[in-house]
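Asker: Here is a sequence together with a model predicted from it:
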Amino acid sequence: MAFGFIRVLFILISAVVGFQLGSAYQGYASVWGLIGAWIGVGTAFVIVFLEHILGRVSLRGLSAAVFGLLMALIVSSLLNGAIDLVPHLEPGTAASIKVILVLVLSYLGIVFTMRGRDEFNLVIPYIKFERQDQRDTLYLLDTSVIIDGRILDVCETRFIEGRLVVPRFVLKELQQVADSKDPLKRNRGRRGLDVLGKLRKASLLNVRIHEEDFPELPAVDEKLVKLAKLLGARVLTNDYNLNKVAELQGVTILNVNELANALKTVLLPGETMEVKLVKEGKEPNQAVGYLDDGTMVVVDQARRLLGNSVSIVVTSVLQTSAGRMVFGKLQTS
């Protein structure tokens, strides 16, 4: 709405300026005032159209193009000075060479810097005038860790300090999940949006939306890894595949599932504990219970005690990719 108002105002002002310039040519009573107004309106429309086209270019890409153009102009200026030193060169020929040189170098400078814009960190987000030893650590959030929701609890305990960054393409994917026709996906997406809202409202957290996108990359995970490398950020996720792909490319990954497994209670064979048996096990006479952290406990010869809380002795602990499993037997008095 604000941009539309500014554009309309710009077109009206251009019409007035065009009318004033046209009238100044042969007086206010002449037709040149109207011609100037129409020229002003046409010029304004062309400028607005160019602004709309340039709006699709990222700020990083635009800054890279400007940098390339400036470098090309500097180099062409030096070369033009060298051309003036060539003896017996006609002024018309020298001028033509200079114009061609400027055009060629400007084109090459813009193209090369646009292709390598990711290496030109001219527009670095989150730069502040502050002491260098107090620079914030950046954490990129992916869709899975936002939907999971445990990152909110982790951040509120202050184990993670720094700045949380949500890329715009991650937010877009989250909105697509929330708009899904599948009820399960829709509920997960809405939960993720709720978690993100709580993260942004938390007074202890600094959450920002990052606008950078990489249209040439189709997958969100690829964009996330590239943005992490570009910003020197860490990625918060619970996606196993993203975990492996990012590690291969040298990106630091913080996996919430690995953190949860690391914080589970350490149990050693011979220790005793209380557990409530809730279902039958796979083997005959086995019963299964769960600890508060979700760890599965398998108890031998305890099927008859389903629904009861029993004391057991730990016999072994098995760590699997899915989590930790505890095996035990009933404690005998």
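Answerer: Thanks, I have the structure now. Numbers count the residues shown, from 1 in each chain.
Asker: Which parts of the stretch 201-333 of the chain are strands?
Answerer: Assigned by DSSP state E, counting those that start in this stretch, the stretch 201-333 of the chain shows strands spanning 207-210, 234-237, 253-255, 272-280, 287-290, 296-300, 309-320, 323-330.
Asker: ditto for the stretch 1-150 of the chain
Answerer: Secondary structure of the stretch 1-150 of the chain by DSSP E, counting those that start in this stretch: the strands cover 138-141.
Asker: Show me the shaky parts of it.
Answerer: Applying pLDDT under 70 to the stretch 1-150 of the chain flags the ranges 1-2, 25-30, 54-61, 115-136.
Asker: related to what we said a few turns ago, ranking the strands of the stretch 201-333 of the chain by burial, who's on top?
Answerer: Of the strands of the stretch 201-333 of the chain, the one with the most neighbours on average (mean count of other CB atoms under 10 Å) is strand 234-237, at a mean of 24. Quick note: C-beta positions are derived from backbone N, CA and C, even for glycine.
Asker: Would you mind pulling up the elements that that one packs against?
Answerer: Here strand 234-237 touches strand 138-141, helix 143-148, helix 220-231, helix 240-248, strand 253-255, going by 3 or more CB pairs under 8 Å, 6 or more residues apart in numbering; DSSP states H and E.
Asker: Direction included, what does that strand pair up with?
Answerer: Taking DSSP bridges as the criterion, strand 234-237 sits next to strand 138-141 (parallel), strand 253-255 (parallel) in its sheet.
Asker: Show me what it is in contact with.
Answerer: Here strand 234-237 makes contact (CB atoms under 8 Å, 6 or more residues apart in numbering) with 137-142, 144-145, 151, 160, 164, 224-225, 228, 242-243, 246, 251-256.
Asker: same thing but 10 Å
Answerer: 137-146, 148, 151, 154-155, 160, 162, 164-165, 221, 224-225, 227-228, 242-243, 246-247, 251-257, 259 (CB atoms under 10 Å, 6 or more residues apart in numbering).
Asker: mean confidence score for it?
Answerer: Summarised as a single mean, pLDDT over strand 234-237 is 87.
Asker: Could you do stretch 168-185 as well?
Answerer: Stretch 168-185 comes out with an average pLDDT of 87.
Asker: next one: that stretch to chain centre, how far?
Answerer: Taking the mean of its C-alpha atoms, stretch 168-185 sits 16 Å from the chain's own mean (CA atoms, centre = their mean, to the nearest Å).
Asker: buried sites along that stretch?
Answerer: Of all the residues in stretch 168-185, those buried under the rule 16 or more other CB atoms under 10 Å are 169-171, 173-174, 177-178.
Asker: and the most centrally placed residue in the chain, what is it in contact with?
Answerer: When CA atoms, centre = their mean is applied to the chain, the residue found nearest the centroid is P167 (2.3 Å). Residues near P167 by CB under 10 Å, 6+ apart: 140-143, 173, 209-214, 220, 223-224, 227-228, 231.
Asker: Let's see that with 8 Å instead.
Answerer: P167 touches 140, 209-210, 212-213, 223-224, 227, counting by CB under 8 Å, 6+ apart.
Asker: Same check on N241?
Answerer: Going by CB under 8 Å, 6+ apart, the list of residues near N241 reads D221.
Asker: E156 too?
Answerer: 202, 204-205.
Asker: Next, find the distance separating it from K223.
Answerer: Computed as CB to CB, to the nearest Å, the E156 to K223 distance reads 28 Å.
Asker: For beta bridges, what are the partners of the residue nearest to the centre of the chain?
Answerer: Per DSSP bridges, the residues bridged to P167 are H210.
Asker: circling back to that earlier point, out of the contacts of P167, who's nearest F67?
Answerer: In terms of CB to CB, no member of the contacts of P167 lies closer to F67 than E212, at 16.9 Å.
Asker: What is the burial count for that closest one?
Answerer: Counted with other CB atoms under 10 Å, the neighbours of E212 add up to 20.
Asker: Break this protein down into its domains, please.
Answerer: Taking automatic domain parsing as the criterion, the chain consists of the domains 2-119, 132-261, 272-330.
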